[in-house]
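Enquirer: predicted model and sequence below, questions to follow.
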Amino acid sequence: MERKSMLIFFDIDGTLLNDKGVLRESAGLALQRLKEKGHKIFLATGRSKVELPEQLLDLEFQGMVLGNGSYVEYAGKEIYRDVMDKEMLYHLSQDLEQWNAHILYGAKDACYVWQSSKEYLLNLMQEMYPETGVSEEMERIMMIIHDSKDINQIEKINFFNYKGNLDELKEKFSDYFYILPNSIVDASDKSSGEVTKIGINKAVGISHILNYIDETKESVIALGDGYNDIEMIQFSHIGIAMENSVPILKQYADMIAPDIDADGVYTVLEQLKLV
């Protein structure tokens, strides 16, 4: 690499954490070496701030693009936040609930759920991540909704077990919401999804950081694996898709890293002479 210092953005699920929710030792080592060499590391994830695991927070990222770009921090300071319109969110929720969906509303300080969905969502987390204690952590940050008025200041939502027609749902709300396959379950699962506002994505979040620190995208490297990484990979000076990525993401990538469980993060950064 010609530049001495780069800004490197990492997706979490499927990029830093594998499908069991585990951070490989080599990935943690890569992050530490990047910092030692003067590069700045960032998270760029669909997760809300309250959903970030301690094993990543302990690595002291320079900044964070959260909620797929709806919330942005730099050096611990909030520099951008955009929440969903309450009325539009209510209408979307009504449609999802009509078709038996379980909804997780992501906000800065908590994840909100109806009591009727809590057990389902906790069991799902336990099934997906049986060895990492994610279910217990999710229970700690869940707040129960007692009234639709409680659904406020929401940055993004995840939904599961939707029994309706997902294409029709996308079309109905296409002027306001961007609905993608859920990034924490199998991408072929048509009953799950994640929702952000139209115009909000990880590339937009990164742009807010660049503007804040007076940098350009020529300094940006990004690594991801899912549908919600497409804009980020396209935007970056070097966009890297993991081998375990959804196929469409690889079409936009400048490089393909080995699989997450084959030390892909460390290997590709070593190839770029960054670690």
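Expert: Yep, it's here. Please read all numbers here as calculations on a predicted model, not as lab measurements.

Enquirer: what does the worst-scoring helix or strand of the chain on mean pLDDT contact?
Expert: Least confident element among the helices and strands of the chain, by mean pLDDT, DSSP states H and E: helix 134-141 (a mean of 86). Under the contact criterion C-beta atoms under 8 Å, 6 or more residues apart in numbering, helix 134-141 has outside partners 21, 50-51, 53, 110-111, 118, 121-123, 125-126, 128-129. Every residue, glycine included, has its C-beta placed from N, CA and C.

Enquirer: roughly how far is it from the heart of the chain?
Expert: 17 Å (C-alpha atoms, centre = their mean, to the nearest Å).

Enquirer: residues of whatever helix or strand comes next after it that come out buried?
Expert: With elements assigned by DSSP states H and E, the helix or strand that comes after helix 134-141 is strand 142-145. Buried positions in strand 142-145, judged by neighbour count with 16 or more other C-beta atoms under 10 Å: 142, 145.

Enquirer: and strand 142-145, how far out from the chain middle?
Expert: On C-alpha atoms, centre = their mean, the centre of strand 142-145 falls 21 Å from the chain's centre.

Enquirer: before we move on, the earlier item: if any of the contacts of helix 134-141 are buried, give me the ChimeraX selection for them.
Expert: Listed next is the ChimeraX selection for buried residues among the contacts of helix 134-141, using 16+ other C-beta under 10 Å:
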select :21,50,51,53,110,111,118,121,122,125,126,128,129
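
Enquirer: narrow the contacts of helix 134-141 to those in strands?
Expert: residue 111 (DSSP state E).

Enquirer: distance to residue 275 and pLDDT added to the contacts of helix 134-141, as CSV?
Expert: Converted to CSV, the contacts of helix 134-141 look like this (distance: C-beta to C-beta, whole Å; pLDDT from 0 to 100):
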residue, distance to residue 275, pLDDT
21, 23, 89
50, 30, 93
51, 27, 93
53, 22, 89
110, 36, 91
111, 34, 94
118, 41, 95
121, 37, 94
122, 37, 93
123, 39, 92
125, 32, 88
126, 34, 88
128, 30, 84
129, 27, 82
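
Enquirer: between the contacts of helix 134-141, which sits nearest residue 181?
Expert: For the contacts of helix 134-141, the closest approach to residue 181 (C-beta to C-beta) belongs to residue 128, at 15.2 Å.

Enquirer: distance of the closest one from residue 191?
Expert: Counting by C-beta to C-beta, to the nearest Å, the gap from residue 128 to residue 191 is 15 Å.

Enquirer: ditto for residue 245
Expert: In terms of C-beta to C-beta, residue 245 sits 21 Å off from residue 191.
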